[in-house]
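*Asks:* pasting the structure only:
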């Protein structure tokens with residue numbers, strides 16, 4: 001899949017610096033939160049101001065090593081545009097088609113994290129509406145039931161992009177999970193919330209006792225509240241969504257413990 005490569009607008013340089021730091025931070029945080037597989041799996045972010053390239057760390061770096069300057073710029077056609085290192089084939093084959101499919105998929109985070117990964121191994125991998133947090137997420141989840149081996153061709157990424165559509169969470173049957181967002185902050189908060197929700201759901205199921213299913217009316221009410229009521233009382237331009245406040249808090253912790261992620 002080829003595309004004409006754009007020259008980034010100089011005014012986007014500061015935005016790219018912020019994007020690099022956010023994506024590097026997400027890799028470090030994923031190690032803290034037990035979402036990582038060492039050097040495997042992949043997080044990427046569209047380069048701000050462009051629609052044909054994304055940021056990706058060089059394959060072979062442990063996620064605890066990733067810094068802002070380690071991120072390569074990779075074209076949707078697979079070309080290394082900027083930086084040094086090798087491109088993991090499955091990262092390109094999965095991420096490029098998903099980034100290209102819709103602007104809302106600016107950040108694409110793919111993991112084999114344990115609790116959500118366990119759900120994708122079940123015959124029925126669906127997240128069940130048995131609690132408060134599940135009700136907030138389930139309308140965003142698409143389910144891939146067509147596992148077809150390793151993603152070594154862009155056609156597989158295109159297939160996954162088609163299954164995902166405009167939703168933001170993809171349960172990849174027999175494989176793992178992929179989460180997207182308009183920013184790293186939005187995607188990472190969604191990934192974090194999903195893994196904790198999957199853990200609670202598995203713990204509830206492991207008791208062997210009947211679970212408390214929410215009605216569709218209850219789920220609809222939660223969805224309406226999420227989309228149409230404010231989370232807090234900060235006024236006007238001071239209002240930030242919860243995902244932004246959460247990611248800023250996580251970055252403050254990272255700034256104290258591992259400030260070299262910015263380098």
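*Replies:* Looks like it arrived, so ask away. Note that the structure is predicted; figures quoted are calculated from it, not measured.
*Asks:* show me what contacts residue 171?
*Replies:* Counting by Cβ atoms under 8 Å, 6 or more residues apart in numbering, residue 171 touches 116, 119, 120, 125, 126, 127, 141, 142, 143, 144, 177. Where C-beta positions appear, they are placed from N, C-alpha and C, glycine not excepted.
*Asks:* same thing but 7 Å
*Replies:* Each residue near residue 171 by Cβ atoms under 7 Å, 6 or more residues apart in numbering is listed here: 119, 120, 125, 141, 143, 144, 177.
*Asks:* ditto for residue 26
*Replies:* Going by Cβ under 7 Å, 6+ apart, residue 26 touches 43, 109, 184, 188.
*Asks:* phi, psi for the residue nearest to residue 139 when sequence neighbours are not counted please.
*Replies:* Among residues not flanking residue 139 along the chain, residue 223 sits closest, at 5.9 Å (Cβ to Cβ, 6 or more residues apart in numbering). When read as degrees, to the nearest 10, the backbone of residue 223 gives phi -60, psi -40.
*Asks:* so what's the residue count around residue 223?
*Replies:* 15 (other Cβ atoms under 10 Å).
*Asks:* do residue 227 as well
*Replies:* For residue 227, using other Cβ under 10 Å, the count is 8.
*Asks:* residues contacting it?
*Replies:* Going by Cβ under 7 Å, 6+ apart, residue 227 touches no other residue.
*Asks:* which strand or helix spans it?
*Replies:* helix 216-228 (DSSP states H and E).
*Asks:* heading C-terminal from that helix, find the next helix or strand.
*Replies:* Next helix or strand after helix 216-228 toward the C-terminus (DSSP H and E): helix 242-257.
*Asks:* so which of the contacts of residue 171 sit within helices?
*Replies:* 119, 120 (DSSP state H).
*Asks:* which of the contacts of residue 171 sits closest to residue 85?
*Replies:* Residue 85 lies nearest to residue 177 out of the contacts of residue 171, by Cβ to Cβ, at 25.2 Å.
*Asks:* what number of residues lie near the nearest residue to that closest one once chain neighbours are set aside?
*Replies:* The spatial neighbour of residue 177 that comes closest, neighbours along the chain excluded (Cβ to Cβ, 6+ apart), is residue 116 at 4.6 Å. Each residue near residue 116 was counted by other Cβ under 10 Å, and the total is 27.
*Asks:* which helices and strands does the host helix or strand of residue 116 pack with?
*Replies:* Secondary structure from DSSP H and E places residue 116 in helix 114-120. Under the contact definition 3 or more Cβ pairs under 7 Å, 6 or more residues apart in numbering; DSSP states H and E, helix 114-120 sits against strand 169-172, strand 176-181, helix 184-206.
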